[in-house]
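K.L.:
Task: produce atomic coordinates for the following.
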Amino acid sequence: MNLSFPNESRSFDETRNRVRFWGYDGAIEIAFFVEADALKKLDQLSAEMSDVEAGFLKIFDATREQIYGVADKVYMRSRDGSCAHILAAADF
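P.N.:
Model (predicted):
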């Protein structure tokens, strides 16, 4: 993995229905977003969530290593200087 993820912070963006987290390429901070459909793909129980925000954050936490691996691949494919990368269901 070329990126590091020392900051375990993540937050739910209710407006865009996705989870935001950060990775680092050396000293450069890179923002990532995991779309809700990608998180649903990672967890089949997501249809039963009563609290959307808590549910998506729980899925993120349970699949964090897999998400980091996909984030690294997406980042390496598109090292175009973008400050944010979106992980979609098709990436998983």
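
K.L.:
residues touching Ser4, list them.
P.N.:
Contact analysis of Ser4 by Cβ atoms under 8 Å, 6 or more residues apart in numbering lists 23-24. Glycine gets a C-beta too; all of them are placed from N, C-alpha and C.

K.L.:
now swap in Arg10 and tell me
P.N.:
19-21, 57, 60-61.

K.L.:
which phi and psi does the closest residue to it other than its chain neighbours have?
P.N.:
Of all residues not flanking Arg10 in the chain, Phe21 sits nearest, at 4.3 Å (Cβ to Cβ, 6 or more residues apart in numbering). Torsion angles at Phe21 (phi, psi; degrees, to the nearest 10) stand at phi -150, psi 170.

K.L.:
Could you do the one 3 residues further on as well?
P.N.:
Tyr24 adopts backbone torsions of phi -130, psi 130, taken as degrees, to the nearest 10.

K.L.:
Around it, how many other residues sit close by?
P.N.:
Tyr24 is flanked by 13 other residues according to other Cβ atoms under 10 Å.

K.L.:
hmm, back to that, between the contacts of Arg10, which is nearest Tyr75?
P.N.:
Using Cβ to Cβ, the shortest approach to Tyr75 within the contacts of Arg10 belongs to Phe21, at 12.3 Å.

K.L.:
Return the residues in contact with that closest one.
P.N.:
Contacts of Phe21 by Cβ under 8 Å, 6+ apart are 5, 7, 9-11, 31-32, 34, 60, 67, 71.

K.L.:
can you list contacts of the lengthiest helix in the chain?
P.N.:
Longest helix in the chain, counting residues (DSSP state H): helix 64-77. When contacts are defined by Cβ under 8 Å, 6+ apart, helix 64-77 is touched by residues 1-3, 5, 8, 21, 23, 25, 30, 32, 34, 42, 60, 85, 87, 91-92.
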